[in-house]
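> Here is a sequence with its predicted model. Questions after.
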Amino acid sequence: MPALREFFPGGAALCIVAAMAVPGFARAGDAEYGAFLAGECVTCHRADGIYAGIPRIIGWPEQAFIYAMKEYRDGEREHEVMQTIAARLGDEELAALAAHFARLDSAGGSEEEREQE
């Protein structure tokens, strides 16, 4: 049987890139898995979305959450605790956390935000 490289001179990398271009190939974050992982997050970031000196992450758009966490993971954002936490998370975990926090309703907001309503 001929080797794959005879059919695809670019090798396996070409196959992977081609597969990634197919709509639906990239798996969306698993919100239930994100809920399982979120325990460490809500130790500091309030689960009710109320601002208490630590930024809210409830209701963030998924891509914004992933982008911010990757910047911490890559050392592009400065915060020792967040860099340490993000360094332990792979892309699947980041997507799951992003899906979880995006689906939650931001029930509180800061006191200033509530007073302005």
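Structure's in. What do you need? Numbers count the residues shown, from 1 in each chain.
> ok, Phe36 to Ala28 distance?
Phe36 is 16 Å from Ala28, where distance means Cβ to Cβ, to the nearest Å. Quick note: C-beta positions are derived from backbone N, CA and C, even for glycine.
> Which helix or strand contains Ala35?
helix 31-37 (DSSP states H and E).
> who does the next helix or strand after that helix touch, helix- and strand-wise?
Using DSSP H and E, the helix or strand that follows helix 31-37 in sequence is helix 62-73. Contact partners of helix 62-73 among helices and strands, from 3 or more Cβ pairs under 8 Å, 6 or more residues apart in numbering; DSSP states H and E: helix 80-87, helix 91-103.
> For helix 62-73, buried residues please.
62, 65-66, 68-69, 71-73 (16 or more other Cβ atoms under 10 Å).
> ok, back up a step: what's the helix holding Ala35 in contact with?
Residues outside helix 31-37 that contact it (Cβ atoms under 8 Å, 6 or more residues apart in numbering): 93, 95-103.
> again, but for stretch 78-91
40, 44, 69-70, 72-73, 75, 77, 94, 97.
> Any figure for the gap between Met82 and Val42?
14 Å.
> okay, these two: which has more neighbours?
Legend: neighbour count by other Cβ atoms under 10 Å for Met82 and Val42, higher for Met82 (17 against 13).
> give me the number of residues near the residue lying closest to Glu93 once chain neighbours are set aside?
Distances taken as Cβ to Cβ, 6 or more residues apart in numbering place Leu37 nearest to Glu93, at 5.9 Å, with adjacent residues excluded. Neighbours of Leu37 under the rule other Cβ under 10 Å: 16.
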